[in-house]
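Here is my input, please return the structure:
(one chain, ligands or ions: 2)
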Amino acid sequence: MKNFTNLSPIKNTKPIALYSSEQIYAMEQAWFAQGYDSFGLMQQAAWQMAQQIELLYEQKCLNANHSANTNVYHRTERLRRVSVWVGKGNNGGDGWLIAHYLQQAGWQVEVIAVGFDKNDFVIDDKSVTSNSKHSDSSNITDATKALQIALSANCHYQRFEEIHSSHNESEKMALLAEIYIDALFGIGLDRAPEGIYKEAISAFNRTTQQQNALAVAVDIPSGLVASTGAVFDRIAVQADVTLCLIARKFGLHNKDGTDYSGDIIDIPLIPYQTARPHKISDKNAKQNTIEAFEPVAILRTAAQSMKPRRQNSYKGSYGHALIIGGNRVDGSQGMGGAAILSASSTMATGAGKITVACHEAFHGALLTSLPDAMTINLHDADGLKALIEQASVVAIGMGLGRDEKAKALFIDYIQTAIAHEKSIVIDADGLYHLASLQMDSHELVTELREHSINHRVCLTPHSGEAARLLDQKISEVESDRLRAIKQCAAVYGGDWVLKGAGSLVLEQKSGRARVYVCDAGNVGMATAGMGDILSGVIAGLLAQQDLAAESYSLPQAVLIHGFAGDVLVNQNSDCHSENRLMIGQRGLQAQDMPAAIRHVMQLVMVD
Ligand SMILES: NC(=O)C1=CN([C@@H]2O[C@H](COP(=O)(O)OP(=O)(O)OC[C@H]3O[C@@H](n4cnc5c(N)ncnc54)[C@H](OP(=O)(O)O)[C@@H]3O)[C@@H](O)[C@H]2O)[C@@H](O)CC1
Ligand SMILES: Nc1ncnc2c1ncn2[C@@H]1O[C@H](COP(=O)(O)OP(=O)(O)O)[C@@H](O)[C@H]1O
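Ligands and ions are numbered 1, 2, ... in the order given. Below you'll find the model as predicted:
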């Protein structure tokens, strides 16, 4: 859980470029093509990681001393013990060299080798002394060379296969350590770990937990797919810290990545951003290289600052948001709350005026909680279409209903909004209807796509809604959320949020799509109505024409929404009143959000 004791991330942190594993391999290849040695790169990687591990160890000792209430730090008296778990690829190669360097630095080291044959440990002096520029030019791989160097230096090792039993592996390990290094799989993982590998990952997690030890992943936690953030069958190393080599992987920040990676420390190693275009002489190769290194997404951890309003302005200066939803289909309880929640967050962002078009049955409830809103009957088509003409932004779909009557209203109101060149936000049941219209090859889908070229159209599905829009299974969307959001944009046009842990945002500008990962929000927000709140924030920002473009952008809206949730679950540290109630991950309600949104809006204001 992120700590928002200090809310400065809202204003200060820089965006971070995220890459797929294919791109990282391409970066390495471009580096080697400039004449640099692949084993040299592995040595640098391992050396820098060894340094980081020393620092992490010192930090761990300091923390332990602080919690033991002593200010004395007995560095030299401590045993420094590390257990390094290695696989057969280059990630394992990194692990062997880390073990070697830490042993040289005085650590007690044990390597747990997984998937190795006994013959792999026969010392071969030739491979240690081999100094071929590229390992491809000899039969010795970098990983083998690393293993041989560690063996020659007498690094102690055990084969996992020999110590593994269904009982307690840790009893059979020669060494119980303070730090466990996961170098089983890196970016080369391309299928579910099975058999001994699956056992090794589980044993690694069990042991680090039993020992209360620090779990440090080399490059990426084993089991996590670098390009997607997926984990097969929940089998992945649970890292406290990930030492991320070369460039940030997209998978560390999406889906399961946020659960498994822990704190991320970058070890950049090569200047892939600046060195690549200059040294490659072939014109075509140069173009390919530039394209290959375009990040797949940008991690946004900070919201943009907003300027104060002009004193000489009035409510009309800050737009009129029209929220259309909250229907009641005959015989049902209805979904009035969806529109009310959405309107309340629109208001909390500072939109000048708000009208809620919902079923008349909910007008009383709406005005009780939001007396500042205007109301109109959702089914008063003529009245509502006249209002659409006046509105600055139309947000539609939250609790709209899925019956044919609601579908007809959706078509009518969207066509009116398009005819009057309005910004449009579509959520929930609106997305349901849009998916049906796409299946029917209805002209509205094309009209909306064309409208989105020159006007803001924001669509905000979660994975289930995206699956329906794409006529795919939810598992297909979830297996590659990056691909899914791009497909949504390609089919329907417009700007998109694919909601969930590490919400993805896709914005199209000048014919170019940019994807962002918004690093805000928490699992407490996995409750009904949070999506309605998000659509309200988007509409509220879009309504305020005085804002700079970045300040009403979709990433900004998603960040403000996420930070509001974060403020709530950490609000004891952020508020000065001892008496204020705490809200935790469990029990956070969508109705708590507007107050927190107002708070975040104030935090992002420039003084
Ligand atoms: N190149 C460089 O210069 C540098 C690279 N660096 C490091 O290299 C790492 C990438 O190395 P990598 O490409 O060797 O991939 P890696 O993650 O070790 O895995 C491949 C191995 O795993 C296996 N395998 C895969 N999935 C499996 C499964 N489910 N179950 C079982 N086996 C499975 C696969 O076997 P195969 O598919 O061949 O059967 C193969 O043996 C990168 O993350 C970074 O740490 C740094 O040192 C910087 C310099
Ligand atoms: N684990 C999580 N981490 C971060 N944000 C989350 C998490 N779970 C849900 N959210 C956010 O809460 C909102 C939930 O939206 P949605 O599923 O549409 O809810 P509803 O349909 O009930 O309004 C989304 O913005 C989503 O990104």
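
Closest residue of the protein to ligand 2?
Here the residue of the chain nearest ligand 2 is residue 531; by CB to the nearest ligand atom that distance is 2.1 Å. (Glycine included, C-beta is placed from N, CA and C.)

give me the number of residues near that residue?
Neighbours of residue 531 under the rule other CB atoms under 10 Å: 24.

so what's it up against?
398, 427-428, 460, 462, 499 (CB atoms under 8 Å, 6 or more residues apart in numbering).

how close does it sit to residue 325?
Here residue 531 is placed at a distance of 11 Å from residue 325 (CB to CB, to the nearest Å).

what's the overlap in contacts for these two?
Common neighbours of residue 531 and residue 325 (CB under 8 Å, 6+ apart) are 398, 428.

so which of the contacts of residue 531 is the most crowded?
Going by other CB under 10 Å, residue 398 tops the contacts of residue 531 with 34 neighbours.

That residue is in contact with residue 339, isn't it?
Yes. Counting by CB atoms under 8 Å, residue 398 does reach residue 339; the two are 5.5 Å apart.

Between the two, which contacts overlap?
Any residue near both residue 398 and residue 339 by CB under 8 Å, 6+ apart counts here, and that gives 323, 325-326, 532.

Kindly indicate which of those residues lies nearest residue 419.
When the shared contacts of residue 398 and residue 339 are compared for distance to residue 419 (CB to CB), residue 323 wins out at 19.5 Å.

Looks to me like the closest one is in a strand.
Yes. Counting by DSSP: H, G, I helix; E, B strand; the rest coil, residue 323 is part of a strand.

Find me the pLDDT at the residue of the chain closest to ligand 2, would you?
For residue 531, the pLDDT comes out at 98.

what kind of secondary structure is it in?
Per three-state DSSP, residue 531 ends up helix.

From residue 459, how far off is it?
Per CB to CB, residue 531 is found 12 Å from residue 459.

Find the residues that touch each one of those two.
Counting by CB under 8 Å, 6+ apart, the shared contacts of residue 531 and residue 459 are residue 427.

Now do the lengthiest helix in the chain: which elements does it pack against?
In the chain, assigned by DSSP state H, the helix with the most residues is helix 38-67. Contacts defined by 3 or more CB pairs under 8 Å, 6 or more residues apart in numbering; DSSP states H and E place helix 38-67 against helix 21-33, helix 90-104, helix 142-152, strand 179-183, strand 214-218, strand 241-245, strand 263-267.

could I get these as JSON lines with mean neighbour count and distance to ligand 1?
Putting the helices and strands packed on helix 38-67 into JSON lines (neighbours: other CB atoms under 10 Å; distance: least, CB to the nearest ligand atom, whole Å) gives the following:
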{"stretch": "helix 21-33", "mean neighbour count": "19", "distance to ligand 1": "5"}
{"stretch": "helix 90-104", "mean neighbour count": "26", "distance to ligand 1": "3"}
{"stretch": "helix 142-152", "mean neighbour count": "23", "distance to ligand 1": "6"}
{"stretch": "strand 179-183", "mean neighbour count": "29", "distance to ligand 1": "7"}
{"stretch": "strand 214-218", "mean neighbour count": "28", "distance to ligand 1": "5"}
{"stretch": "strand 241-245", "mean neighbour count": "24", "distance to ligand 1": "5"}
{"stretch": "strand 263-267", "mean neighbour count": "15", "distance to ligand 1": "9"}
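
Those: which one's closest to residue 204?
strand 179-183 (6.0 Å).

pretty sure residue 508 is in a helix, no?
No. Counting by three-state DSSP, residue 508 falls outside a helix, being strand.

so how many other residues sit close to it?
The number of residues near residue 508, taken as other CB under 10 Å, comes to 16.

Quick check: beta-bridge partners of it?
When bridges are called by DSSP bridges, residue 508 pairs up with residue 513.

Next: residue 81.
If you apply DSSP bridges, the partners that residue 81 bridges to are residue 108.

I'd say it and residue 102 touch.
No. Applying CB under 8 Å as the test, residue 81 and residue 102 come out as separate, 9.7 Å apart.

can you pull the buried residues of the host helix or strand of residue 366?
Element membership of residue 366, judged by DSSP states H and E, is helix 363-369. Applying a neighbour-count criterion of 16 or more other CB atoms under 10 Å, one finds 363, 366 buried in helix 363-369.

ok, residues contacting that helix?
326, 336, 339-340, 343-344, 356, 358, 373, 375, 377.

and these, which two are the farthest apart?
344 and 377 (19.8 Å).

Compare these two and say which one has the larger neighbour count.
Of the pair residue 344 and residue 377, residue 344 is the one with more neighbours under other CB under 10 Å, namely 27 against 14.

After the helix or strand containing the more buried one, which helix or strand is next?
Residue 344 belongs to helix 336-349 when assigned by DSSP H and E. Along the chain past helix 336-349, the next helix or strand (assigned with DSSP H and E) turns out to be strand 353-358.
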